[in-house]
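Visitor: generate a structure from the sequence data that follows.
(4 chains)
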2 protein chains.
Amino acid sequence: MSDPDKKVNQSVVKAFALLDAFTNEKTSWGVRELALKTGYNKSTTYRLLNTLASLNIVHQNSNEKYSLGSKLFELGNRVAIYKAITKSTNAPIKNVALEIQETVLLSILKEDQVFHINKADSLHGLKINTSIGSYQPIHATASGKLLLAFSKRDIQNEILKRIQLTKATQHTITNLKSLKKELDTILSQGYALDVEEFELGLVSIAIPICNKSGNIIACISASGPLSRFRTENIPSYINILQKGVIIMEEEFKDFDRL
Amino acid sequence: MSDPDKKVNQSVVKAFALLDAFTNEKTSWGVRELALKTGYNKSTTYRLLNTLASLNIVHQNSNEKYSLGSKLFELGNRVAIYKAITKSTNAPIKNVALEIQETVLLSILKEDQVFHINKADSLHGLKINTSIGSYQPIHATASGKLLLAFSKRDIQNEILKRIQLTKATQHTITNLKSLKKELDTILSQGYALDVEEFELGLVSIAIPICNKSGNIIACISASGPLSRFRTENIPSYINILQKGVIIMEEEFKDFDRL
DNA sequence: CCAAAGTGTTTCACTTTATGAAACGGTGTT
DNA sequence: AACACCGTTTCATAAAGTGAAACACTTTGG
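Guide: Below you'll find the model as predicted:
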């Protein structure tokens, strides 16, 4: 996918590495701490932040710390494909979230990971904090396993060759044979379940979204605490998710992939 | 605000100038045409795009053209302040849009312009295409005039000194004295109207969103074609907008500015 | 009250890095 | 077969970024 031999502009790489340090957990950085974090020289970090600030990509707060700026928000909102998806899925996933009373995510397969495109929060105080635009491992999530299970066989095998089955909890599938068996189960039952495979106490259930050719192009999942989860409610969860899927499949019928 | 003397990293500036060429009107570019557009050398453009592609900031489509990529979407979704606003206003502005049956925008004053933070589309086929993250002139929009009218007097005067009253249509206010009079009218009547001042055939109405101290921090507006607009419906429009404002003012009561 | 330790910022000799004209290897068109 | 277009690569040249150290300032603590 990426050719490491190709010459890339180091300054640009550094600039984006700086931006990548601004996460949901840490939204503002000082020059020195950011230099320490990224390993760049203090001067370099300062000048890059200064450049980014002049472009409104970052913003220097009154306390001298830097945060991400409005221009980045603007550019993010221009990413055509995701913008279209966000717009057309806001309503259906919101309705699903209201009915199912758990956090609902719309996700796709991207670079051997699960990529979350849109989200509707649960109204409960206790909810997962996965965010839009973030990635999660394929093998340890309901969405990931489902997307992989429903992928074409050759793509599935390619991905299975590349990914590492890293252990996230004691319930994570770390064995290739077990994972393949799980994928078969998911394909036959039509939904995927993740019971504490990625995070202890967290349960997810996912079902596919297909285009008019019947190929999977995305999935929708509901995630919540184990304490609220009841096995006997699975058909009901699927039923609610399915109502959202029907609407979204109409929107996505002509897509080959998202 | 920005110091032109300060040394900035040219490569980074160029990289973002390239990204800025990707608009809602033109979402994909080839190397040569983008080089032509930005004035950069073909090689430079190519290498920068290559760098950005390796970071997933842009994505090279199968037809060899480049589009904005998922990483930019991800970064855009990390801009903390706007993310929080987007989240808490999605529902109220959506409800307003449904009831008022026109496109609804949530906007703030930023860098002497109107900055649109969130949007709910009208269900009508005919609707404005202003997008989230975009800017519009203060003096030629309902939102802009309203935000300025309700601003503190010293801030208002500062802005009035700096902005150009550029003519957008034959109805645009291009005279400072007329604009000041209009601001007074808006302040006393509590809402702002824009009838074809920015674009022919386009009408907007805006009302303020204030914090608990009573200071304006944002505004909400409805925009639609002149053909659907009736003067006698203004009280009804305001009434619907007001219902959304009440909910949002609860969310924003502790903000000093957005 | 002054010293120490923190911050963001500026400087300047050094050298790494980006630059751009031209050539390259494709593909599609006339 | 000649042309025109595309993205890509090359390589000598020149410009640009680099980083240690100094600077100016604020906050902290004995």
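Visitor: helix or strand: which one has A:Ile93?
Guide: helix A:80-100 (DSSP states H and E).
Visitor: C-terminal to that helix, what's the next element?
Guide: Moving toward the C-terminus from helix A:80-100, the next element (DSSP H and E) is strand A:103-110.
Visitor: from the contact counts, what lies against that following strand?
Guide: helix A:80-100, strand A:113-120, helix A:142-149, strand A:216-225, helix A:234-251 (3 or more C-beta pairs under 8 Å, 6 or more residues apart in numbering or on different chains; DSSP states H and E). Where C-beta positions appear, they are placed from N, C-alpha and C, glycine not excepted.
Visitor: which one of these lies closest to DNA strand C?
Guide: Nearest to DNA strand C, of all the helices and strands packed on strand A:103-110, is helix A:80-100, at 23.7 Å by C-beta to the nearest atom of the strand.
Visitor: whichever residue of the stretch 1-150 of chain A sits closest to chain B: how many residues sit nearby?
Guide: Here the stretch 1-150 of chain A gets closest to chain B at one residue, A:Gly76, 1.1 Å apart by C-beta to the nearest C-beta. Using other C-beta atoms under 10 Å in any protein chain shown, A:Gly76 is surrounded by 27 other residues.
Visitor: and the one 4 residues further on, by the same measure?
Guide: For A:Ala80, the tally of surrounding residues (other C-beta under 10 Å) stands at 17.
Visitor: now A:Pro225
Guide: Neighbours around A:Pro225, by other C-beta under 10 Å: 15.
Visitor: do the same with A:Pro235
Guide: 8.
Visitor: next one: A:Thr174
Guide: 16.
Visitor: then the one 5 residues further on?
Guide: For A:Leu179, the neighbour count with other C-beta under 10 Å is 21.
Visitor: which element, helix or strand, includes it?
Guide: Going by DSSP H and E, A:Leu179 is in helix A:176-189.
Visitor: if you count contacts, what does that helix end up packed against?
Guide: For helix A:176-189, the packing partners by 3+ C-beta pairs under 8 Å, 6+ apart are helix A:142-149, helix A:153-162.
Visitor: flag every buried residue along the helix or strand following that helix.
Guide: For helix A:176-189, the following helix or strand on the C-terminal side (DSSP H and E) is strand A:192-195. Across strand A:192-195, burial judged by 16 or more other C-beta atoms under 10 Å in any protein chain shown covers A:Ala192, A:Leu193, A:Asp194, A:Val195.
Visitor: do stretch A:76-91 as well
Guide: By neighbour count on 16+ other C-beta under 10 Å, the buried set for stretch A:76-91 is A:Gly76, A:Asn77, A:Arg78, A:Val79, A:Ala80, A:Ile81, A:Tyr82, A:Lys83, A:Ile85, A:Thr86, A:Thr89, A:Asn90.
Visitor: from those residues, which is closest to A:Ser188?
Guide: Using C-beta to C-beta, A:Thr89 is the member of those that sits closest to A:Ser188, with 27.1 Å.
Visitor: tell me the confidence at the closest one?
Guide: Looking at A:Thr89, its pLDDT is 90.
Visitor: let me see the contact set for the closest residue in space to the residue of the stretch 1-150 of chain A closest to chain B that isn't next to it in sequence.
Guide: Among residues not flanking A:Gly76 along the chain, B:Gly76 sits closest, at 1.1 Å (C-beta to C-beta, 6 or more residues apart in numbering or on different chains). B:Gly76 is in contact with A:Leu72, A:Phe73, A:Glu74, A:Leu75, A:Gly76, A:Asn77, A:Val79, A:Gly133, B:Gly133, counting by C-beta atoms under 8 Å, 6 or more residues apart in numbering or on different chains.
Visitor: switch to 6 Å and redo it
Guide: The neighbours of B:Gly76, taking C-beta atoms under 6 Å, 6 or more residues apart in numbering or on different chains as the test, are A:Leu72, A:Phe73, A:Gly76.
Visitor: next, format these as a markdown table and append distance to DNA strand C.
Guide: What follows is the contacts of B:Gly76, written out as a markdown table (distance: C-beta to the nearest atom of the strand, whole Å):
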| residue | distance to DNA strand C |
| --- | --- |
| A:Leu72 | 18 |
| A:Phe73 | 22 |
| A:Gly76 | 24 |
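Visitor: report the central residue of chain A.
Guide: A:His116 (2.7 Å; C-alpha atoms, centre = their mean).
Visitor: OK, contacts around that residue?
Guide: With C-beta under 6 Å, 6+ apart, A:His116 has these contacts: A:Leu105, A:Ser107, A:Thr130, A:Ile132, A:Ser134.
Visitor: buried residues in stretch A:29-43?
Guide: For stretch A:29-43, a neighbour-count test (16+ other C-beta under 10 Å) marks A:Trp29, A:Val31, A:Leu34, A:Ala35, A:Thr38, A:Tyr40 as buried.
Visitor: closest to B:Ile163 out of the contacts of B:Gly76?
Guide: A:Phe73 (22.6 Å).
Visitor: in space, what's closest to that closest one - neighbours in sequence excluded?
Guide: Closest to A:Phe73 by C-beta to C-beta, 6+ apart is B:Val79, at 4.2 Å.
Visitor: who's in contact with the one you found?
Guide: A:Leu68, A:Leu72, A:Phe73.
Visitor: could you do A:Glu197 as well?
Guide: For A:Glu197, counting by C-beta under 6 Å, 6+ apart, the contacting residues are A:Ala140, A:His171, A:Thr172.
Visitor: what residues does the stretch 1-150 of chain A put near DNA strand C?
Guide: A:7-11, A:30-33, A:42-43, A:46-47, A:49-50, A:60, A:64-65 (C-beta under 7 Å from any atom of the strand).
Visitor: nearest to DNA strand D: which residue in the stretch 51-200 of chain A?
Guide: For the stretch 51-200 of chain A, C-beta to the nearest atom of the strand, closest residue to DNA strand D: A:Thr51, 7.8 Å.
Visitor: distance from the helix or strand harbouring that residue to the middle of the chain?
Guide: According to DSSP H and E, A:Thr51 maps onto helix A:42-54. Computed by C-alpha atoms, centre = their mean, to the nearest Å, the chain-centroid distance of helix A:42-54 equals 29 Å.
Visitor: and it, is it in reach of chain B?
Guide: Yes. Looking at helix A:42-54 against chain B by C-beta under 6 Å from any C-beta of the partner chain, the contacts come from A:Leu48, A:Asn50, A:Thr51, A:Ser54.
Visitor: ok, back up a step: quick one: which of the buried residues of stretch A:29-43 sit in helices?
Guide: Those of these mapping onto helices are A:Val31, A:Leu34, A:Ala35, A:Thr38, per DSSP state H.
Visitor: tell me the contacts of the last one?
Guide: In this structure, A:Thr38 makes contact with A:Ala17, judged by C-beta under 6 Å, 6+ apart.
Visitor: 10 Å - rerun?
Guide: Going by C-beta atoms under 10 Å, 6 or more residues apart in numbering or on different chains, A:Thr38 touches A:Lys14, A:Ala17, A:Leu18, A:Asp20, A:Ala21, A:Trp29, A:Thr44, A:Thr45, A:Leu48.
Visitor: can I assume the last one is in contact with A:Val58?
Guide: Yes. Look at A:Leu48 against A:Val58 with C-beta atoms under 10 Å: they come within range, at 9.3 Å.
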